[in-house]
Each structure stands twice: as structure tokens, then as C-alpha cells.
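Colleague: Got a sequence here, can you build the structure:
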Amino acid sequence: DMIGNVEIDSGHKYLASLINTIEAAINSKLGAGVVLNHVAELYTFAKAVFKREEEIQRNIKFKNRTKHKEMHKTLIDQIYSMHEELEFAKEDKYQQAYQGVLIGTLTRWLFRHIEEDLKMREYFEE
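Modeller: Numbering: from 1, shown residues only. Below is the predicted model of the structure:
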């Protein structure tokens, strides 16, 4: 548990597992429909997690919360765009497109986001 808040840490773990699931679906060549469903789940879950995280940040009076909220919005928009692109990708083309873009972008983003969230740690230490 990295941040010291159960809700935030659990949310991060599930986001990471969804990204891993998307990567596994792509690597297993399960088809665009399966990947699309997982990306839709990631979108819905990320929105809910970030909304809750922003509430917690307001409650603890986290000083970087405006910048942090913008980071959340950027990612949500990126996931939405990926979902849109994937919806219209040809079945044979989605594979290579998403291999690099989706997984690379999401994984890098998640690590950057967690690094940023680590700034909250001091608010939860006893």
C-alpha cells in the first residue's frame, strides 16, 4: 500500500489489473470487441476512482489538487479517445495500434499518476 489510504491504494491496484487485462486480451488476440469492453470498463472505473480521489483530496486539503484534477481529466479523455478509435479500427489493424499506444501510454500514465499521488502520503501518516 503506497499512499496509506485504503480506497486510493485499492483503486490503483484495480486500475493496474485492468490495464494488465487489456494487454492480455491484445496479446491473446481475443479481438477488438473484447478489448473494447475492457477499455470501456477502464473508462468507467477510472472516472469513479478519480472522482472519489478528488473528494478525498478536498477533505484533506491536498495542496496540488487543481493540477491533479487536470491530470485525471487528461487521462479520462485519453481513454475515451482510445475507445473511440478502437470502435472504428479494422479488426486486423487494432492489434498493432493498441499494442504500443494503449499499453505504453496507460502504463506510463499510471506510474506518473501514482508518483503524483505519493505526495498525499504525508496526509495519511499517523
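
Colleague: I'd like to know which elements the helix or strand hosting Glu84 is packed against.
Modeller: Glu84 is part of helix 65-88, with elements assigned from DSSP states H and E. Packing partners of helix 65-88 (3 or more CB pairs under 8 Å, 6 or more residues apart in numbering; DSSP states H and E): helix 32-59, helix 94-117. From N, CA and C alone the C-beta is placed, and that goes for glycine too.

Colleague: With mean pLDDT, distance to Ile76 and mean neighbour count added, can I get those in TSV?
Modeller: Below are these laid out as TSV (pLDDT from 0 to 100; distance: least, CB to CB, whole Å; neighbours: other CB atoms under 10 Å):
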stretch	mean pLDDT	distance to Ile76	mean neighbour count
helix 32-59	93	6	17
helix 94-117	74	11	16
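
Colleague: just how off-centre is stretch 113-126 within its chain?
Modeller: 17 Å (CA atoms, centre = their mean, to the nearest Å).

Colleague: contacting residues around that stretch?
Modeller: The contact list for stretch 113-126, computed with CB atoms under 8 Å, 6 or more residues apart in numbering, reads 2-5, 8, 12, 53, 56-57, 60, 62, 64, 68, 71, 75.
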